[in-house]
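Trainee: here is a sequence together with a model predicted from it:
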Amino acid sequence: MRKPSVANGLRDELVMRDLARTPEQRVADALALGEQSIVAYMTAHGVGRASARAFMEEMRAAGRKPSRAARPRQ
């Protein structure tokens, strides 16, 4: 058991609040957060939506290795 502290209490409260939400609500929040990131990038760099989205997708993939399932079989 964790030692009682303000941080642990807040963490537990956030976990309980998150568990009380439906999966649809959590997905909607994740999509909204992604949209906010795109708008913030567009504003900061003066680029269009397509350029901002392409950059974000490129950064998500940077450094990742394709899964074995995605590789063509030989």
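Mentor: Thanks, I have the structure now. Residues are numbered from 1 along each chain as shown.
Trainee: which pLDDT does the model give Ser67?
Mentor: Per-residue pLDDT puts Ser67 at 76.
Trainee: count of neighbours near it?
Mentor: 7 (other CB atoms under 10 Å). All C-beta spots, glycine's among them, are computed from the backbone N, C-alpha and C.
Trainee: cool, Met56 as well?
Mentor: Neighbours of Met56 using other CB under 10 Å come to 14.
Trainee: just the one 4 residues further on next, same as before
Mentor: For Arg60, the count of nearby residues is 9 (other CB under 10 Å).
Trainee: now swap in Tyr41 and tell me
Mentor: Here the count is done by other CB under 10 Å, and Tyr41 has 17 residues near it.
Trainee: same question, the one 3 residues further on
Mentor: Counted by other CB under 10 Å, the residues lying close to Ala44 total 9.
Trainee: check the secondary structure at the residue nearest in space to the middle of the chain for me.
Mentor: For the chain, the residue nearest the mean C-alpha position is Ala30 (6.0 Å; CA atoms, centre = their mean). The three-state assignment at Ala30 reads helix, by DSSP: H, G, I helix; E, B strand; the rest coil.
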